[in-house]
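>>> Everything below, folded, please.
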Amino acid sequence: MHRKISSGTAALALLLALALLLASCGGAEPAPPEAPSPAESPASPDAASLPEDAPGGTAQDGGDASPSAPGEEASPDAPPSPDTPAGTTDTPPESGASSAPGGEASSPAAAPGGDGSAVKSTADKGISSASGNASGKEGAAPASGGKGGATVTKELKLDAPSTAGALRVDGAHLVGSDGAVVQLRGISTHGIAWYPDYINSDAFHEFRYEWGANVVRLAMYTAGGGGYCTGGDKAAQKQLIRDGVKYATEQDMYVIVDWHVLGEQDPNTYVDEAKDFFAELSAEFGSSENVLYEICNEPNGGTSWQDIKRYAAEVIPVIRENAPDAVIIVGTPNWSQFVDEAAADPITGYDNLVYTLHFYAATHKSDLRERAQKAIDAGLPLFVSEFGICDASGNGALDYEQASLWINLLDRNGISYVDWNLSNKDESSAIISPSCNKTSGFADSDLSESGKWLKKTLTEHAGTSGAATSVSPTPSATPAPSAAPTPTAPPSDATASPTPAGGPAVLSGDGLEVTAALSNSWESDGQTFRQYVLTVKNVSGSACSSWTVTLEFDAPIELSDGWNADYAAEGGTLRVSSKDYNGALDVGASATDVGFIVSGGALKN
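Alright, predicted model coming up:
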């Protein structure tokens, strides 16, 4: 049956339809909340940089059960190491990289934006999901504003201080306040004295909510140029630690205060300074549930497990006085690789201790993984406070396959891991591209290949807690190892006397006495790599302004890395020349923390 509609009724119906149409277009919908925009200030472009060839990262951390080579975290005057010597690559920044002046830490970097309170309130309220439902869960990433509606970042279901609470050790695992296994995954700074500007609120917010990191490690070198115990600005470095703890706390992250032993080899060298440092800082952070203390990054150079236990027996009680339940991370021998020794004779009398394992995937492979698994099976709680996917020098090609095997091992066992290193240093372990001077707000194009791998790995794991699912990262182009610098010929010259490989080699000539000691060796891809440490002493009757050492090997060599000197290899000969900053030696004075890694021959008998 048809009805006749009056013109007035039709007009009213038309107006109602138009109103409904406008409402469906969302014209009146309020804009979503904006997350703080990250700062893009350059990383101290005007700050004086360390000597051009100051060591790079810690390379040592990257080998099999054998010691690693320097690379990652070597101090300005210490071998590079992801921590440096054999197995670590943490060395001071090179010329051109953003850094604080060589022997002095710059003042604390200002946070690029706010104090983090806006971020916290957003997380507390929950972020609207694509379907319009509020998550209300801790760890949800703030949404960023955008035209035409909200862009919602994937919710990150991370173990965090707000949900897991204070950590403790239960058997071989870290657990939260509810007894559930907690796995920390995150990023280590490079030496804070050299790269202070990356310690800022915006960067930590980005790593937490966009990358899926739930821990940051604050690496404070104790020795080397600018080291805390060797002329560095102690007040400035402690303030950087305080700032880092503050920013991590604001972003609901755990934070590691790292006493970065490397160049001095034996932590007992500066045990009194360590006790004073941890007494002061633990008194300030003793009630903070998110702070962990790492008391000796990478003991090396023949430092025994008994030496480390003796050191720990003095430092642990100092921390326990103020932080009775905090997790303490204890380094192990040989650049934190000989975890089996700790498993056979663990420290007793204290709870909540974990033991350090460091690796660099392109160097440390199945042998070290087997050693680690045996320690885990024996009940030793391990913590990977530093690792890289390059070689033990902190440089060279990336090994994605070995990296995946390592991550799978750690995830299967619920072991925490922290990547080395947050800097734009020109080495493959650094996660920021050398051409990028930003200190936050990183686009993928601002990242190195290591940085892209790390971001992908962390975000893939962000939805898991405890033992995670394994991942198989997709590799990008692998960078080639950097070439060794070409040295200039200095006035003084010493020639090596043949000595047995592995034992100290005394080299003398023209008033110099040089000791060359084999500190590490390992097998990789069918080649033998050897790491040597040199000490050059002026035994002449007058001061010298520079020096050169010539070393002879029993077969042709290829130079993989070197620090605190210029190197030129030809056949079986290696010429080592001083830098501008360590060439001048008074009578009886020595140049130390000079070293290199070669493959091929050994020093002649």
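>>> how far away is residue 331 from residue 307?
11 Å (C-beta to C-beta, to the nearest Å). Every C-beta, even on glycine, is put in place using the N, C-alpha and C of the backbone.
>>> Identify the contacts common to the two.
Residues touching both residue 331 and residue 307 by C-beta atoms under 8 Å, 6 or more residues apart in numbering: 267, 299.
>>> Which element is encountered next along the chain beyond the helix or strand bottoming out on mean pLDDT in the chain?
For the chain, using mean pLDDT, DSSP states H and E, the weakest element among its helices and strands is helix 117-125, scoring a mean of 27. Next in sequence after helix 117-125, counting helices and strands by DSSP states H and E, comes helix 161-164.
>>> The protein: helices as residue ranges?
Remark: helices assigned in the chain by DSSP state H are 7-24, 117-125, 161-164, 201-206, 234-250, 271-285, 305-322, 333-336, 339-344, 366-377, 400-413, 449-461.
>>> which helices and strands does the fourth one pack with?
With contacts defined as 3 or more C-beta pairs under 8 Å, 6 or more residues apart in numbering; DSSP states H and E, helix 201-206 has these neighbours: helix 234-250.
>>> send the alpha carbons of the helix it packs on over as CSV?
Output of helix 234-250 as CSV, limited to C-alpha atoms (Å, rounded to 0.1, in the frame of the first residue of the first chain):
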residue,chain,number,x,y,z
LYS,A,234,83.5,11.7,38.5
ALA,A,235,80.8,14.2,39.4
ALA,A,236,79.6,14.5,35.8
GLN,A,237,79.6,10.7,35.3
LYS,A,238,77.7,10.1,38.5
GLN,A,239,75.1,12.7,37.4
LEU,A,240,74.7,10.9,34.1
ILE,A,241,74.0,7.7,36.0
ARG,A,242,71.4,9.5,38.1
ASP,A,243,69.8,11.0,35.0
GLY,A,244,69.7,7.6,33.3
VAL,A,245,68.1,6.0,36.3
LYS,A,246,65.5,8.8,36.4
TYR,A,247,64.6,8.5,32.8
ALA,A,248,64.4,4.8,32.9
THR,A,249,62.2,5.0,35.9
GLU,A,250,59.9,7.5,34.2
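>>> tell me which residues in it are buried?
Of all the residues in helix 234-250, those buried under the rule 16 or more other C-beta atoms under 10 Å are 236-250.
>>> same for that helix, what does it pack against?
Judged by 3+ C-beta pairs under 8 Å, 6+ apart, helix 234-250 is in contact with helix 117-125, helix 201-206, strand 215-221, strand 254-260, helix 271-285.
>>> domain ranges for this structure?
The chain is divided into the following domains under automatic domain parsing: 159-461, 494-600.
>>> Burial-wise, tell me which of these comes out on top.
Highest mean neighbour count among the domains of the chain (mean count of other C-beta atoms under 10 Å): domain 159-461, with a mean of 23.
>>> Between the two ends of that domain, how far is it?
11 Å (C-alpha to C-alpha, to the nearest Å).
>>> Same check on stretch 163-179?
Stretch 163-179 stretches 12 Å from its first residue to its last (C-alpha to C-alpha).
>>> Flag the shaky bits of the chain, pLDDT-wise.
Where the chain drops to pLDDT under 70, the residues are 1-157, 463-510, 525, 605.
>>> So which residues of the stretch 501-605 of the chain form strands?
505-509, 512-524, 527-538, 548-552, 557-563, 566-570, 573-577, 590-600 (DSSP state E, counting those that start in this stretch).
>>> would you list those strands in JSON lines and tack on distance to residue 316?
Putting these into JSON lines (distance: least, C-beta to C-beta, whole Å) gives the following:
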{"stretch": "strand 505-509", "distance to residue 316": "38"}
{"stretch": "strand 512-524", "distance to residue 316": "27"}
{"stretch": "strand 527-538", "distance to residue 316": "29"}
{"stretch": "strand 548-552", "distance to residue 316": "41"}
{"stretch": "strand 557-563", "distance to residue 316": "32"}
{"stretch": "strand 566-570", "distance to residue 316": "40"}
{"stretch": "strand 573-577", "distance to residue 316": "40"}
{"stretch": "strand 590-600", "distance to residue 316": "28"}
